[in-house]
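In: Compute the structure for the input listed below.
(one chain, ligands or ions: 1)
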Amino acid sequence: FEDKISDENIINFRKEHLGKGLSLSYEKPLHIVRGEGVYLIDIEGRKYLDTVNNVNHVGHQHPKVVAAGQRQMAVLNTNTRYLHEEIIAYAEALLKKLPPHLSVIHIVNSGSEANELALRMAKTVTGNKDILAIEVGYHGNTNAVMDVSSYKFEGKGGFPKPENTHILPLPDSFRGKYSGENCGIDYTNHAAEIIQNLKAEGKEIAGFIGETMISCGGQIVPPKNYFKEIYKHIREAGGICIADEVQTGFGRMGKTFWAFQLYDVQPDIVTMGKPAGNGHPLAVVACTKEVAEKFNTGMEYFNTFGGNPVSCAIGRMVLEVIEEENLQQNALEVGGFLIAELKKLQKQFPIIGDVRGEGLFLGFELNDSNKNPLPEHASYLANRMKQLGILMSIDGPDHNVLKIKPPMVFSKEDAEELLYRLHTVFGEDFMVPSF
Ligand code: PMP
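Out: Below you'll find the model as predicted:
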């Protein structure tokens, strides 16, 4: 058995029999067998502090979430065509966390599926097809969402931009097209221009989809007024505003439960996923009563697994644990401490070009003194941090942004451990670029 599960055998089997596009993290891949709180544990019993996993939101294998799933799984798992109290209890608990104008939810199984449904709603409600989306945005892996995910279609092995998709520049005030105090307006003017041009061709828009903090784009915090202005342009044109909260929701921002609340905007549709089930496949589309009514054309919406009592019991427990363990407040405090300390580290190590984020959704860039991105240094850092027992991930169009989005139980001590190890690696010869 030992031999069967050797890393080499697993790698060979994957290469031969699993999808050819699957990827593995790290030069020497990890073989993880257990999770516990903020830790992942490998086959040799080595513990890694996990700063990557924003899915296991309340901690890996949280005992209460595990028990909630086990309990319901032992009694019944079926679909929404029968009456069941668990879906009501989950919907009630989730709706309490949303502003009152978002009063209807559809429960699905993945972020991709949530965005797929959101796009279909926008298209059905408006009768239009054209969607505005953000450069380097990622909304999932199904056909319709790939069509609005420039991270994918403009990336390696991608395809030309679909005709009905209109891409807005990445609102990155550090490295993007515009910077400065009022660059939010410069970025959003592109939306107005696209809408105008479409109008001139006799076309109307279905809407706009945007991650409320852009993750694959490199933990981008949109500039002031960005979302307010975009939403204004979209609404004036009769479009639907979709907020993708798949990465950012459920208290991670610290200040607010959802990232869109940071900007004081009111999306028509909010999609959520990853953390909703703490690793169990659970995702949700929340929308206004008006959207829900117009989407109801008479065609049944059925989803075999979406809204099953096991998923709902798990989702409800996730919400309970967030509350019980004060995890939003923890994100605010630990995230605030971490960003302040990272800014101090930046003064000491100028290779850190920018530090940004909110709560436990942070990132920092590596670049030289001419602001050239340093992806090899990012890769070196992530691999060295792994050797030192800390998992970090890299993203951004230049592959030079280290992302920090750990389980929400990440403590001040965990943050100190992370900073201590970062300090060590930043002091190594390889990490001194030729300035
Ligand atoms: N939206 C965002 C912002 C995401 O980050 C992801 C997943 N990385 C998705 C949607 C798609 O979610 P899933 O992988 O659950 O389909």
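In: Where does the prediction get shaky in the chain?
Out: By pLDDT under 70, the weakly predicted segments of the chain are 1-4, 434-435.
In: Give me the most central residue, it.
Out: Central residue of the chain (CA atoms, centre = their mean): residue 247, 2.1 Å from the mean position.
In: doesn't residue 203 make contact with residue 237?
Out: No: here residue 237 lies out of contact with residue 203, judged by CB atoms under 8 Å, at a distance of 10.3 Å. From N, CA and C alone the C-beta is placed, and that goes for glycine too.
In: and the residue of the protein nearest the ligand?
Out: Residue of the chain nearest the ligand, by CB to the nearest ligand atom: residue 111 (2.3 Å).
In: all strands of the stretch 101-250 of the chain, in order?
Out: With DSSP state E, counting those that start in this stretch as the criterion, the stretch 101-250 of the chain has strands at 102-108, 130-134, 165-168, 205-211, 240-244.
In: Just name the most buried of those.
Out: The densest packing among the strands of the stretch 101-250 of the chain, expressed as mean neighbour count by mean count of other CB atoms under 10 Å, is seen in strand 240-244 with a mean of 29.
In: What residues does the chain have near the ligand?
Out: For the chain, the residues in contact with the ligand (CB under 6 Å from any ligand atom) are 110-112, 115, 138-141, 211, 215, 244, 246-247, 273.
In: Tell me where this protein has helices.
Out: Shown for the chain, the helices assigned by DSSP state H span residues 7-17, 63-75, 85-96, 111-126, 143-146, 150-153, 183-200, 226-236, 289-295, 309-324, 327-348, 375-387, 412-426.
In: can I get the ones you listed in JSON lines with mean neighbour count?
Out: Below are the helices of the chain laid out as JSON lines (neighbours: other CB atoms under 10 Å):
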{"stretch": "helix 7-17", "mean neighbour count": "11"}
{"stretch": "helix 63-75", "mean neighbour count": "16"}
{"stretch": "helix 85-96", "mean neighbour count": "17"}
{"stretch": "helix 111-126", "mean neighbour count": "24"}
{"stretch": "helix 143-146", "mean neighbour count": "19"}
{"stretch": "helix 150-153", "mean neighbour count": "22"}
{"stretch": "helix 183-200", "mean neighbour count": "17"}
{"stretch": "helix 226-236", "mean neighbour count": "20"}
{"stretch": "helix 289-295", "mean neighbour count": "16"}
{"stretch": "helix 309-324", "mean neighbour count": "22"}
{"stretch": "helix 327-348", "mean neighbour count": "18"}
{"stretch": "helix 375-387", "mean neighbour count": "18"}
{"stretch": "helix 412-426", "mean neighbour count": "17"}
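In: Nearest to residue 57, out of those helices?
Out: helix 309-324 (6.5 Å; CB to CB).
In: which residues touch the closest one?
Out: Outside helix 309-324, the residues within contact range by CB atoms under 8 Å, 6 or more residues apart in numbering are 57-58, 62, 64-65, 67-69, 71-73, 75-78, 84, 86-87, 89-90, 93-94, 97, 107, 109, 250-251, 275-278, 280-282, 284, 305, 327-328, 408.
In: let's see 7 Å
Out: 57-58, 62, 64-65, 68-69, 71-73, 76-78, 84, 86-87, 89-90, 93-94, 97, 107, 250-251, 276-278, 280, 282, 328 (CB atoms under 7 Å, 6 or more residues apart in numbering).
In: Between the two ends of stretch 23-33, how far is it?
Out: Distance across stretch 23-33, first residue to last, is 18 Å (CA to CA, to the nearest Å).
In: Okay, buried residues for that stretch please.
Out: residue 30 (16 or more other CB atoms under 10 Å).
In: Pull the residues that contact it.
Out: 7, 40-43, 383, 386.
In: TSV for those residues, including distance to residue 227?
Out: TSV is the format used below for these (distance: CB to CB, whole Å):
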residue	distance to residue 227
7	44
40	34
41	39
42	40
43	44
383	36
386	35
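In: quick one on the thing from earlier: pick the one among the residues of the chain next to the ligand closest to residue 154.
Out: Minimum distance to residue 154 across these is 11.1 Å, recorded for residue 138 (CB to CB).
In: Could you pull up phi and psi at the closest one?
Out: phi -130, psi 130 (degrees, to the nearest 10).
In: That one: what's it in contact with?
Out: Here residue 138 is in contact with 149, 151-152, 216 (CB under 7 Å, 6+ apart).
In: what about 10 Å?
Out: Residue 138 is in contact with 111-112, 115, 145-146, 148-152, 155, 211, 214-217, 244, 246-247, 395, counting by CB atoms under 10 Å, 6 or more residues apart in numbering.
In: I figured the residue of the chain closest to the ligand hits residue 272, correct?
Out: Yes: counting by CB atoms under 10 Å, residue 272 is a contact partner of residue 111 at 7.8 Å.
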